[in-house]
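K.L.:
Quick one: sequence and predicted model below, then my questions.
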Amino acid sequence: MCTNFDNPKYLKSIVGKNVSITLINDETFTGILYVVDPISKTVVIVNGILTEHIVQLIPFNNLKSFEVHSLDNPKFLFDSVNTGSTEVWLDKKKLLKDWFFINKINVVEENEVLKLNDHKVMIEPPYGPDQCICDNMIVLERIQTLIAKMPL
C-alpha cells in the first residue's frame, strides 16, 4: 500500500498519472488520477475515451494497493485550464503578496511558489484559489476565500 497518502505534495505530484488501484475485495480499477481529497483521501480516477469519461470515486478505507504506472499527464483532462502568461503570473503574484501583507499574513517566495503560515500553505502559478495546497481543510478554505475576495 502506498504510504505517501499523508503527504500533500506527493498527492499533487501524482494527479494526472495513470494508476491502478486494487480494493480490499480484490476488484481493480485503472485510470487517470484526477484528484485525491487530502482529508478523507478519497481517490477520483477517470477512465474512458476522449468523448466519454467514466469517473470512479474510491474511498481510502477500501484501498488495498495503489500503483502509479506513468509519469505522463494526459492533455484532455487539463487542456481547459487557462494558465495565462508569465507576465500575468508575475503581476498576480505581486498583487497577492500585497494582499496577504495587508491581511497580516507572512509570505515567503520560493521559486514560483508562495508559502504562507510557516510553509503550511503553498500557492502555485497562476496564483488563484484553485492553486492552493494545504493539508488542513479549514486553513485551505480560509486562504481560498481570502484570495477570491482580493480586489483586482
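P.N.:
On my side now, so go ahead. Numbers count the residues shown, from 1 in each chain.

K.L.:
Can you tell me, leaving aside adjacent residues, what's nearest to Val43?
P.N.:
Excluding the flanking residues, the one nearest Val43 by Cβ to Cβ, 6 or more residues apart in numbering is Ile58, at 4.5 Å. (Glycine included, C-beta is placed from N, CA and C.)

K.L.:
wait, Lys12
P.N.:
Ile133 (5.9 Å).

K.L.:
contacting residues for that neighbour?
P.N.:
Pro8, Lys9, Lys12, Val121, Met122, Ile123, Glu124, Leu140 (Cβ atoms under 8 Å, 6 or more residues apart in numbering).

K.L.:
How many residues are close by the last one?
P.N.:
Other residues within reach of Leu140 by the criterion other Cβ atoms under 10 Å amount to 19.

K.L.:
pLDDT of stretch 43-61, averaged?
P.N.:
What stretch 43-61 shows for mean pLDDT is 80.

K.L.:
mind listing what's buried in it?
P.N.:
Val43, Val44, Ile45, Val46, Ile58 (16 or more other Cβ atoms under 10 Å).

K.L.:
Disregarding flanking residues, what is the spatial nearest neighbour of the third one?
P.N.:
The spatial neighbour of Ile45 that comes closest, neighbours along the chain excluded (Cβ to Cβ, 6+ apart), is Gly31 at 3.7 Å.

K.L.:
My read is that that neighbour contacts Val46, right?
P.N.:
Yes: using Cβ atoms under 8 Å, Gly31 is in contact with Val46, at 5.5 Å.

K.L.:
Need the residues touching each of those two.
P.N.:
Residues touching both Gly31 and Val46 (Cβ under 8 Å, 6+ apart): Ile54, Gln56.

K.L.:
circling back to that earlier point, for the residue nearest to Val43, what are its contacts?
P.N.:
Ile21, Leu23, Phe29, Thr42, Val43, Val44, Ile45.

K.L.:
Give the next helix or strand downstream of the helix ranked longest in the chain.
P.N.:
Longest helix in the chain, counting residues (DSSP state H): helix 86-102. Using DSSP states H and E, the next helix or strand after helix 86-102 towards the C-terminus is strand 107-110.

K.L.:
Which strands or helices does that next one pack on?
P.N.:
On a contact count with 3 or more Cβ pairs under 8 Å, 6 or more residues apart in numbering; DSSP states H and E, strand 107-110 meets helix 86-102, strand 113-116.
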